[in-house]
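>>> Following is a predicted model, sequence given first.
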Amino acid sequence: MAIYLGVDIGTTSAKCLAVDENGAVLAQSQQPYPIMHPAQGWAEQDPEDYWRALSATVRGCVSKCKELGRDASEIASIAMSTQGDTLIVTDESGKPLTSAISWMDTRGEVECAELLSEADQSFWYRESGALLSVIGSVCSIRWLEKNKPDIISNKPHYCFVPDFLAKRLVGEFVIDISSASWTPLCSPCSRAWSNAVLELLGISRSDVSETMESGEVIGEIKPDIASELGLASGVKLIAGAFDQAAAAYGVGASVGGRGVLSCGTAWVLYSVSSMPPFDASECLSICCHVKPSEWGLVLPFSGGSTYDWLNRMFTQTNTAPSGSKLPIFIPHLYGGLSPDWRSESRGSLVGLTMSHTQEDIRLALMRGIACEARRNMEAAELLCGRVESVRMVGGAGKSDIWPQMVSNILNRPVELPDCVESACYGAAKLAAGEVSSGWSGFDNVRLFSPVEGNVSDEQQNYDRYMRFYRTLLWIYASE
């Protein structure tokens, strides 16, 4: 009897799931850590916090398994899901030389402009599968060259969360290709570091980590580290995936079948393709999925942050819908994201009347976000094929209103799985390898099917939404 650990090193906390050989969750544990903002636009973390949190959550799961009568010697392997493109600069021993520069950090605005003057967006999309933005780690690397020359001149090692932790766990700098592909340094098409990008940055191949496909064995956890984590000797570290890919794998995303809608601060539609889904408009971001023959299309758009903004603006929640036709709410409070990345777009509420209530505005915002999900699904289907159903994970599934609304607007079944820690579960599946092929941990779902009469109404609402979006975009672009 074996136990597999899936660890998710997220943006604000680490989580761990212990899953048995049948796919049942035995235990879970969580440990938060802070984000530091020492200057405007900066977002940093202490890399040691990642290690401390991994250690705490693993020990927590081991302890809870023991309470269930399961022994630590049953734990066979561990894999990680990690936040994508957070840069950690270390020496050759793996000791951090600076704070981790988060994927949210925007200090490299000048450096981003410089890099784009040296190589245009077509270069970056062709080489990295995504447009270069100020939050890209290459901008942080260029910033460090200017502002921390003493560190850069000593030939540091450039790594990210998974390879930083792999060095600590097994003594080797190894990053899964899924995580590597979510950085501007990697070509998802070739599933390897981009020589052209490394050359542009003046980085040699030896300055970055070895890559492995998700699910491959990296090595055995070092005996002293295993003891520190409460594990027996011989536990294997398996190459994991970056969080969106791990979550999609956890809930069973598939080519030509199920897509995943992650509903967090941003909503993200993840679709799987059997070939690199390169977008002629160079807008849609690509990564390597967890199988060597599969790729992911990752489409982020306005989501939970705009809904939270509405909750902060409206403190009273006791109004009822008016029954009038809802206004149109375009949720681009920080510009338009995927699928067309129109930064000039703005949040817009149009069509208000004296009869509308606070609840009407809330429902209009929810519908607007669901319409953004449809815009992205239509873009994904052009490259990856039809999405037959969508599994929805995250906070939006706490009530039945949003899943049913999304189902009607997409005209697709929406499934709500019971287990919410999809990234951890996906990492545990990778840790288990072939054993996980029969797991049904995410098959227990609530199903929301399109309601025939509502689908035609929502088609009209979507057409209306798109007319307002295009018209207002023209107005904003001309200002």
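Okay, I see it.

>>> quick one: terminal-to-terminal distance for stretch 101-119?
Stretch 101-119 stretches 23 Å from its first residue to its last (C-alpha to C-alpha, to the nearest Å).

>>> Pull out the buried positions in it.
Residues of stretch 101-119 classed as buried by neighbour count (16 or more other C-beta atoms under 10 Å): 101, 102, 103, 104, 105, 106, 107, 108, 111, 112, 115, 116. Every C-beta, even on glycine, is put in place using the N, C-alpha and C of the backbone.

>>> Relative to the whole chain's centre, how far out is it?
20 Å (C-alpha atoms, centre = their mean, to the nearest Å).

>>> quick one: which two of the buried residues of stretch 101-119 are the most distant?
The most widely separated members of the buried residues of stretch 101-119 are 102 and 116, with 21.4 Å between them, by C-beta to C-beta.

>>> what ranges do the helices span in the stretch 151-300 of the chain?
Secondary structure of the stretch 151-300 of the chain, counting by DSSP state H, counting those that start in this stretch: helices at 161-170, 177-180, 195-201, 223-229, 243-250.

>>> hang on, the earlier thing: in strands only, show me the buried residues of stretch 101-119.
If you go by DSSP state E, the buried residues of stretch 101-119 have residue 101 in strands.

>>> Looking at the buried residues of stretch 101-119, which is nearest residue 204?
residue 115 (18.4 Å).

>>> Secondary structure class of the residue lying farthest from the centre of the chain, three-state.
Distance to the chain centre peaks in the chain at residue 354, reaching 40.5 Å (criterion: C-alpha atoms, centre = their mean). Counting by DSSP: H, G, I helix; E, B strand; the rest coil, the backbone at residue 354 sits in coil.

>>> Distance check, it against residue 324.
According to C-beta to C-beta, to the nearest Å, residue 354 stands 10 Å off from residue 324.

>>> Same check on residue 458?
Going from residue 458 to residue 324 by C-beta to C-beta gives 17 Å.

>>> These two: which is more packed in?
Using other C-beta atoms under 10 Å as the criterion, residue 458 and residue 324 rank with residue 458 on top: 24 against 14.

>>> So which other helices or strands are in contact with the helix or strand hosting the more buried one?
Using DSSP states H and E, residue 458 falls within helix 452-477. Secondary-structure packing of helix 452-477 (3 or more C-beta pairs under 8 Å, 6 or more residues apart in numbering; DSSP states H and E): strand 328-330, strand 348-350, helix 358-384, helix 401-410.

>>> tell me what the third one is packed against?
It refers to helix 358-384. So helix 358-384, by 3+ C-beta pairs under 8 Å, 6+ apart, packs with strand 258-263, strand 266-273, strand 295-302, helix 304-313, strand 328-330, helix 401-410, helix 452-477.

>>> Run the chain-centre distance for that helix.
19 Å.

>>> can you start the count at 46 instead of 1 from here on
Let's use 46 as the start, then, which means that last one is helix 403-429.

>>> what's the angle between it and strand 303-308?
140 degrees (axes from the mean of the first three to the mean of the last three C-alpha atoms, to 10 degrees).

>>> domains for this protein, by residue range?
Here the domain parsing of the chain from automatic domain parsing is 48-289, 297-522.

>>> Same list, the ones you listed, but as TSV with mean pLDDT please.
Below are the domains of the chain laid out as TSV (pLDDT from 0 to 100):
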stretch	mean pLDDT
domain 48-289	96
domain 297-522	91
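
>>> Would you mark the buried spots in stretch 112-123?
Here stretch 112-123 shows 115, 117, 119, 120, 121, 122, 123 as buried, counting by 16+ other C-beta under 10 Å.

>>> swap in stretch 228-248?
For stretch 228-248, the neighbour count (16+ other C-beta under 10 Å) marks 228-234, 236, 238-239, 242-243, 245-246, 248 as buried.

>>> quick one: the most centrally placed residue in the chain from residue 426, how far?
By C-alpha atoms, centre = their mean, the chain has its centre lying nearest to residue 289, at 3.4 Å. Note on residue 289: its distance to residue 426, by C-beta to C-beta, is 18 Å.

>>> Also residue 116?
Using C-beta to C-beta, one gets 48 Å for the distance from residue 116 to residue 426.

>>> Run through the residues that contact the nearest residue in space to residue 425 that is not next to it in sequence.
Setting aside the residues directly before and after it, residue 425 is nearest to residue 316 in space (C-beta to C-beta, 6 or more residues apart in numbering), at 4.1 Å. Shown in contact with residue 316 (C-beta atoms under 8 Å, 6 or more residues apart in numbering): 298, 304, 322, 341, 342, 344, 422, 425, 426, 428, 429, 432.
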